[in-house]
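[1] Any chance you could fold what I've pasted below:
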Amino acid sequence: FLDVVENAVRAPDSRVRVIVTMRADFYDRPLLYKRFGDLVGARTQTVTPLAADELERAISGPAERAGVVLEPGLVAQMIADVGDEPGALPLLQYALTELFEQRRGSTMTLEGYRAIGGVSGALARRADSVYEELDDDQKEAARQLFLRLTATVEETELARRRVPREELLSIDVSSTAMESAIEAFGAARLLSFDRDPATGSPTVEVAHEALLREWGRLRGWLDAAREDLRTERRLAVAAREWVDADRDPSFLAGGSRLAAFESWQQGAGLAMTPQEREFLEASLAERDRRREEDQAREARERELERRSLRRLRAVVAVLAVAALIAAALTAFAFSQRGRAEREERVAVARELAAAAVANLEVDPERSILLALEAIDSTRSSDGSVLPEAEEALHRAVVASRIVLSVPRIGGWLDWSPDGTRFVTEGPEETGVIDIRNAETGESMLKFTGHDSDVNGVAFSADGSMLATTGDDGAAKVWDPESGRELGSVQGPEGPALGPSFSPDGALAAAAWLDEGIVRVWDVATGRTLHEIEAVPGPFRTGFSPDGERLAVVGLDSEVGVVVDVRSGEEVLSLEGHEGQMQDVDWSPDGRWIATSSFDTTVGIWDARTGDLRFSLFHEGPVADADWSPDGGRLVTGGSGATVWEIAEGGGERLFSLSAQDTSSGVQGVAFSPDGSKVVTGDGAITAAK
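    Now for the predicted structure:
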């Protein structure tokens, strides 16, 4: 058929003209056929939205031909109500159809327009009409469909959400009913269809934002399921991370989070995708497996106790016969054993004291712990303390590098350029931003900046601005003196991370993990200049010292990139890591780029060529790094913190800073502006040092 159409159009003497209109999500279909695809590609006309004067003609022209009079002011009111809504013509179509039914004689009036609820009210009526024509299964599918297509931006604010069609057809409702619901609302132009720019898979979204505000039935669904939706989004993110990690059991949910998911599953009115259900079932199975292991271990221990008890009774019977002999021997044995235990404790204490002294230059904080253990080895038994253990403790305390420890804060942090303050995040999931005095640790300014967890903070070069990012998908700029918000950029979904300023403070950048996009915006106007798809799962950003380039690394990539800030084009690729990348930092002179990775290394790259010059090797994954102001040293954070001396030929470990009071390690690190101090943020938000 397509060949016949193509021949008819191309024939020199043909009088046939063919006009084809196509939806965006079907545009690739004719391109699968070579000859017809070439014809479509050569003769495509893109239909753009109508301007205000064109909308006026689209309303008044047909009305005149039909002999209908439009009351003065009606057309202007309708155009103003439509505004910049996508799909303005379908909105007007709904409204004009309803308005024609409300006309007085041959006149369509403003009063009638207000009676139908305006453009948005007509839209809601159309949605209800489509819904009522569905059967019971299709109605339930429609409810699940619109709950999936709606995102809660704030407590009361709603936004459209683009969802892959495959995901909608996979949730726990009849796929036939879901397909029918999609087609019914799509035919009514209440849904729009497209394709994901990254994967090419078909997507579905609500065609008009006004439908979310005006359709009362949808608002009722959302009010009833608001908390369920939040839990489902968290479950979806966790399931996606688990799948991306090749179903690594360590990514499964546990503890209170799993209990919340299980409770939600039992009482929620939301259907799950196969991926979400598989993740939840795997988490529950892992929990049950661990419980069974614990129960089996307890049973073995009880059996061993019973056996021991039986043996003990037999031994007691034997000992009762030899009581007089044992009494004589016991006194001698206790004397010998006490002497041996004393000698053993002294030997252990001396070993610990010697280890504390040997470790002074590398990690004095660990030396303190070793010396305390040496003292306790003998004192807990007989109250005595070895002189060498006491001396080791004195030397370790003198050598300790900790000058200030501030409890109940930590995580991501940054030092102000004037050195008087540092900023960090407050307790997990509170959205609190905490600015502290660098000398005393006292809070100078504390405020809630995000609706959920804060996951990035950065001062501008002159200290006049503070950028933060959060799991609520927002990147914000603040006045650090007053806490006043100066501007923000809101992503459509997923967390925002890794904020950074250009050296002159005119631009800012941040990464949106789930979108796979890095946005660069003008701080003064809030206008987004570039949306850069640099790496999968972008996590951290960093401007070069001259402000002309931007480095980006991602959690889903082993390769970092450097892009031109003006054009957004890639100029360098940083290839060499064997694990996901967590941080990127430029040296102050712009010669080097340091990248931190899960592969336990920090890569030092030539910023001109992108060549890997050398690597710094750690005992575990590296979360963060920061250059000293003179560029001669680098502090890195992971299981602990390490300070390195950086030279042309390589890096030398100068000393380590223990994370002895937490099992989460160090998440954030930063040099003071004068290079004399380092601040570290504990990953469990228990302390900043």
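[2] ok, now which ones touch the closest residue in space to G67 that isn't next to it in sequence?
    Spatially, and ignoring its direct neighbours in sequence, G67 is nearest to S106 (5.9 Å; C-beta to C-beta, 6 or more residues apart in numbering). All C-beta atoms are positioned from the backbone trio N, CA, C, and that covers glycine. Contact analysis of S106 by C-beta atoms under 8 Å, 6 or more residues apart in numbering lists G67, V68, V69.
[3] quick one: S106 and R114, what's the gap?
    For S106, the distance to R114 (C-beta to C-beta, to the nearest Å) stands at 19 Å.
[4] Could you count how many residues lie near the nearest residue to E429 once chain neighbours are set aside?
    Leaving aside its chain neighbours, E429 sits nearest to D453 (5.0 Å; criterion: C-beta to C-beta, 6+ apart). For D453, the count of nearby residues is 19 (other C-beta atoms under 10 Å).
[5] Tell me if I'm right that G410 and Q667 touch.
    Yes: contact status for G410 versus Q667: in contact at 6.9 Å, counting by C-beta atoms under 8 Å.
[6] Mind checking which of those two has more residues around it?
    G410 (29 against 25).
[7] Return the per-residue confidence for the residue nearest to G67.
    pLDDT, S106: 87.
[8] Same check on G383?
    On the pLDDT scale, G383 gets 74.
[9] what does V398 give?
    The model reports V398 with a pLDDT of 55.
[10] same check, this time on E351
    80.
[11] number of nearby residues for it?
    Neighbours of E351 using other C-beta under 10 Å come to 13.
[12] And it, which helix or strand is it part of?
    E351 is located in helix 323-358, with elements delineated by DSSP states H and E.
[13] next helix or strand past that helix?
    Criterion used, DSSP H and E; the element after helix 323-358 is helix 364-382.
[14] Report the contact partners of the closest residue to V40 other than its chain neighbours.
    Nearest non-adjacent residue to V40, counting by C-beta to C-beta, 6+ apart: P30, 5.1 Å away. The neighbours of P30, taking C-beta under 8 Å, 6+ apart as the test, are L2, V20, M22, F36, G37, V40.
[15] Among the residues you listed, list the two that are farthest apart in space.
    L2 and M22 (13.3 Å; C-beta to C-beta).
[16] Pass me the low-pLDDT residue ranges in the stretch 401-550 of the chain, would you?
    Of all residues in the stretch 401-550 of the chain, none has pLDDT under 70.
[17] Start from the N-terminal end of it and give the helices.
    Counting by DSSP state H, counting those that start in this stretch, the stretch 401-550 of the chain has no helices at all.
[18] I'd like the contacts of P30 written out as JSON lines, with neighbour count and pLDDT added.
    JSON lines is the format used below for the contacts of P30 (neighbours: other C-beta atoms under 10 Å; pLDDT from 0 to 100):
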{"residue": "L2", "neighbour count": "14", "pLDDT": "89"}
{"residue": "V20", "neighbour count": "11", "pLDDT": "88"}
{"residue": "M22", "neighbour count": "12", "pLDDT": "79"}
{"residue": "F36", "neighbour count": "18", "pLDDT": "90"}
{"residue": "G37", "neighbour count": "16", "pLDDT": "89"}
{"residue": "V40", "neighbour count": "18", "pLDDT": "88"}
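[19] Nearest to P202 among the residues you listed?
    Closest approach between those and P202, by C-beta to C-beta: M22, at 13.8 Å.
[20] That closest one falls within a strand, correct?
    No: under DSSP: H, G, I helix; E, B strand; the rest coil, M22 sits outside any strand and is assigned coil.
[21] And T468, how far from A354?
    Between T468 and A354 the distance is 47 Å, computed by C-beta to C-beta.
[22] Pick out whichever of these two has more residues nearby.
    T468 (27 against 15).
[23] residues in contact with that one?
    Going by C-beta under 8 Å, 6+ apart, T468 touches I433, G449, H450, V454, G456, V457, A458, A475, K476, W478, P499.
[24] who wins for neighbours among those residues?
    V454 (28 neighbours).
[25] Leaving out the residues flanking it, which one is nearest to that one?
    Distances taken as C-beta to C-beta, 6+ apart place E425 nearest to V454, at 3.9 Å, with adjacent residues excluded.
[26] Perfect, I'm done here.
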